[in-house]
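*Asks:* got a sequence here, can you model it:
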Amino acid sequence: MVWDMWLAKYPWMDKDNFINFEDFKKQMIGDPHESKPKPKTKEEIYKQADDILNAFNKSKGGKI
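*Replies:* The predicted structure follows:
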């Protein structure tokens, strides 16, 4: 599937924007040797949501 996507883009590539298949594949599915970020805890998610709501409320003058 990634190969097919690369092939679909290939006709529009030129010397300035060419990307080889291996680099394209890494962009699409990631590098298997890179470590993945650990998932956020519930507490981290709740804090982030509170921060977003507070910023939103502040931008609206404290009103929802």
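
*Asks:* quick one: secondary structure of Asp51?
*Replies:* helix (DSSP: H, G, I helix; E, B strand; the rest coil).

*Asks:* that one - how many residues pack around it?
*Replies:* By other Cβ atoms under 10 Å, the residues close to Asp51 number 10. C-betas here are computed from N, CA, C, even on glycine.

*Asks:* what pLDDT does it get?
*Replies:* With respect to pLDDT, Asp51 scores 96.

*Asks:* please apply the same query to Lys63.
*Replies:* 59.

*Asks:* give me the below-cutoff pLDDT ranges for the chain.
*Replies:* Within the chain, the segments meeting pLDDT under 70 span 62-64.

*Asks:* which of the helices or strands spans Lys38?
*Replies:* Applying DSSP states H and E as the criterion places Lys38 outside every helix and strand.

*Asks:* let me see the contact set for it.
*Replies:* By Cβ atoms under 8 Å, 6 or more residues apart in numbering, Lys38 lies in contact with nothing.

*Asks:* and for Trp3?
*Replies:* Phe21.

*Asks:* quick one: which helix or strand includes it?
*Replies:* Using DSSP H and E, the element containing Trp3 is helix 2-9.

*Asks:* now do the SS call for Lys15.
*Replies:* coil.
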